[in-house]
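Undergrad: below are the sequence and a predicted model for it; my questions follow.
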Protein chains: 2
Amino acid sequence: MSVLVVGSIALDSIKTATAARADLLGGSASYAAVSASYFGPVRLVGIVGSDFPAHHLDYFQSRGIDLAGLEIAEGKTFRWSGEYAQDMNSRETLSVDLNVFADYLPKLPTAYHDSRVVLLGNIAPELQHHVLDQAPRPDFVIADTMDLWIEIGRPKLVELLARIDCLILNDSEARRFTGESSLIKAAHAILAMGPRYVAIKKGEHGCIFFGPDEFFSVGAFPLAEVEDPTGAGDTFAGGVAGYLAHNLGRDGITPELLREALVHGSVMASFNVEAFGFERLLALQAAEIADRYAAFVKMSRFG
Amino acid sequence: MSVLVVGSIALDSIKTATAARADLLGGSASYAAVSASYFGPVRLVGIVGSDFPAHHLDYFQSRGIDLAGLEIAEGKTFRWSGEYAQDMNSRETLSVDLNVFADYLPKLPTAYHDSRVVLLGNIAPELQHHVLDQAPRPDFVIADTMDLWIEIGRPKLVELLARIDCLILNDSEARRFTGESSLIKAAHAILAMGPRYVAIKKGEHGCIFFGPDEFFSVGAFPLAEVEDPTGAGDTFAGGVAGYLAHNLGRDGITPELLREALVHGSVMASFNVEAFGFERLLALQAAEIADRYAAFVKMSRFG
């Protein structure tokens, strides 16, 4: 089953305490689509400028990503640059040039209307709404978000929650969004706004997941070094959505399947942060994913 | 199999953002011994003053705790008072009166020399050494510690690491002790100093555990409210040690048994923080422990 991924496609310039790299492939949809592609076919909806390097498009296609929903517009691709603090836990956005993304409205090809799993990657809530407006209700809609939309797009984000099945956000965003310092209370406050499930990412502390009669907690894969956290959240969300879409046929979306999907998302994110930009994903083999998933099972098992 | 618990026995005065209580039963050995007592017989080594309320001794005895190693000295019991910040994650010590604890040297009754599991509760590393000096090497020695000993007792603490099987400390202590911001690196640095295992407590984020070819990660039981965190670490350590001692006969100390023990420690700590001081433990029934352990298994299972 194909998964539909919408979000930004960007060229990123990234600084860490030890390195700096310019004009890397980036954007929420790029990371999410490539991550999802390890589990099955992906439909990508987004926009790039006429300056977007052809080899990135080749890369997407080599991963089995359908580009019928990708718009190539005259002008420059969305560019972002940022710098990470020494501990990699906080980052500062140095510049954002929306370019062709500025007036973008995502358009779904008719062939995409039957997508059963949709990942609304991290973009403005208005655009996330616009995607849902264009097609019949999918089986499962996941939305990712970030602090920016909690600050400046809150009303539309709250409206979106009534239209989705699962919100993904990180711990500081969950606290900011709800005003609750307890993540348990924050999760329940979010569920009260509409979605059936909420996944709260906690970086090195893993992930907690809430739903009706459902609480799941899983650690992060132990990494001594993080090279570049860019795209970790998108890779996580893409892995979750891709795994769900591929395995939906088993018994539909069950709590068990959701747990497996969340761990596969964590596995994908753990690879992504091991190198700059897409470097690690470019080299990633399916067997490595299976091995790391097995390690996750082993490190979490007791009783 | 009895577990030997050594540590402080105190009268605590505690302030939180919402409440204040004086002269409560406290101390690392008190919490650890009561917690361990839910799994089997406990031998308590410590000291109190002649002012120590008899009903606390009755409580210990009602829990099957052997008091042959408890010294009752003329004078006042060790007193501690502290105040928690709003978020319960940090606390300030308001006063410490060592009283009879000032010149205390733990003395092991001869009958305790065959203890197979020893918990060196959170006291000065010199006193932890002194306990190990008095008896043949037990099967498994766990030491708890805190930031104070990392600051002022570092050389003795480092020496202790070569004599124990497992060190328990929290995430900020592990970072301070090793100078590593990565907990993975911090854990490996600690293992290089001698102990076979290290357990790093992460509060609301659960616990990670390292050993030879062993990595275990488990979340914390989801609590929307924490009433009083005092004794959480001691209750955790006591639960671990008590569970190990009781189940040692199965196959010795295996990684599987250690994982079960760590989760039982987490279960005990999760109860303890639900009310002030010993209030929750005083009411705690064995069936509640079994239920919460089952909930832990359920919330952690996948794949």
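TA: Alright, I've got the coordinates. Bear in mind the structure is a predicted one, so any value in this text is a computation, not a measurement.

Undergrad: so A:A135 versus A:L108, what's the distance?
TA: Using C-beta to C-beta, to the nearest Å, one gets 6 Å for the distance from A:A135 to A:L108. For every residue, glycine as well, the C-beta is placed using N, CA and C.

Undergrad: contacts only, for the most centrally placed residue in chain A.
TA: Centroid-nearest residue in chain A, with C-alpha atoms, centre = their mean: A:D234, separated by 2.6 Å. Shown in contact with A:D234 (C-beta atoms under 8 Å, 6 or more residues apart in numbering or on different chains): A:7, A:27-32, A:35, A:121-122, A:144.

Undergrad: coming back round to it: which one of A:A135 and A:L108 has more residues nearby?
TA: Higher neighbour count among A:A135 and A:L108: A:L108, with 21 against 15, using other C-beta atoms under 10 Å in any protein chain shown.

Undergrad: got the contact list for the residue of the stretch 51-200 of chain A found nearest chain B?
TA: Relative to chain B, the nearest point of the stretch 51-200 of chain A is A:I184 (4.5 Å; C-beta to the nearest C-beta). For A:I184, the contacting residues are B:222-224, by C-beta under 8 Å, 6+ apart.

Undergrad: one more: A:D228?
TA: By C-beta under 8 Å, 6+ apart, the neighbours of A:D228 are A:14, A:16, A:19, A:84, A:273, A:275-277.

Undergrad: local confidence estimate at it?
TA: Note on A:D228: pLDDT of 95.

Undergrad: same question for A:M1.
TA: 80.

Undergrad: quickly note the distance from it to chain B.
TA: 21 Å (C-beta to the nearest C-beta, to the nearest Å).

Undergrad: tell me who's in contact with that residue.
TA: A:M1 neighbours (C-beta under 8 Å, 6+ apart): A:40, A:116-117, A:245-246, A:248-249.

Undergrad: hey, where'd the strands end up in chain A?
TA: Secondary structure of chain A by DSSP state E: the strands cover A:3-6, A:10-15, A:20-26, A:42-49, A:65-73, A:78-84, A:91-97, A:117-120, A:140-144, A:166-170, A:197-201, A:207-211, A:214-218.

Undergrad: by contact count, what packs against the third one?
TA: Counting contacts by 3 or more C-beta pairs under 8 Å, 6 or more residues apart in numbering or on different chains; DSSP states H and E, strand A:20-26 packs against strand A:10-15.

Undergrad: ok, and what's touching the strand it packs on?
TA: A:20-27, A:30, A:52, A:77-84, A:94, A:228, A:230, A:276-277.

Undergrad: now those: which count as buried?
TA: A:24-27, A:30, A:52, A:77-82, A:84, A:228, A:230, A:276-277 (16 or more other C-beta atoms under 10 Å in any protein chain shown).

Undergrad: residues from chain A in reach of chain B?
TA: A:87, A:181-185, A:188, A:202, A:204-206, A:208, A:215-220, A:222-225, A:256, A:259-260, A:262-263, A:293, A:296-297, A:299-303 (C-beta under 8 Å from any C-beta of the partner chain).

Undergrad: among those residues, which are located in helices?
TA: A:183-185, A:188, A:256, A:259-260, A:262-263, A:293, A:296-297, A:299-300 (DSSP state H).

Undergrad: restricted to buried residues, select these in PyMOL.
TA: Per 16+ other C-beta under 10 Å, the buried members of these correspond to this PyMOL selection:
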select buried, chain A and resi 183+184+185+259+260+262+263+293+296+299+300
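
Undergrad: now pLDDT and distance to A:Y104 too, for the ones in helices among the residues of chain A next to chain B, in TSV please.
TA: Compiled in TSV, those are given as follows (pLDDT from 0 to 100; distance: C-beta to C-beta, whole Å):
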residue	pLDDT	distance to A:Y104
A:L183	96	34
A:I184	97	37
A:K185	97	36
A:H188	98	35
A:E256	96	37
A:R259	98	35
A:E260	98	34
A:L262	98	30
A:V263	98	33
A:Y293	98	35
A:F296	97	37
A:V297	97	41
A:M299	97	41
A:S300	97	40
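
Undergrad: which two of the ones in helices among the residues of chain A next to chain B have the greatest separation?
TA: Largest separation among those by C-beta to C-beta: A:K185 and A:Y293, giving 31.3 Å.

Undergrad: reformat the contacts of A:I184 as JSON lines; add neighbour count and distance to chain A.
TA: As requested, those are exported to JSON lines (neighbours: other C-beta atoms under 10 Å in any protein chain shown; distance: C-beta to the nearest C-beta, whole Å):
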{"residue": "B:P222", "neighbour count": "17", "distance to chain A": "5"}
{"residue": "B:L223", "neighbour count": "14", "distance to chain A": "7"}
{"residue": "B:A224", "neighbour count": "12", "distance to chain A": "4"}
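
Undergrad: which of those residues sits closest to A:A192?
TA: Distances from A:A192 to these, taken by C-beta to C-beta, are shortest for B:A224, at 13.5 Å.

Undergrad: and the pLDDT for the closest one?
TA: B:A224 carries a pLDDT value of 91.

Undergrad: again, but for A:D87
TA: For A:D87, pLDDT reads 79.

Undergrad: alright, calling it a day.
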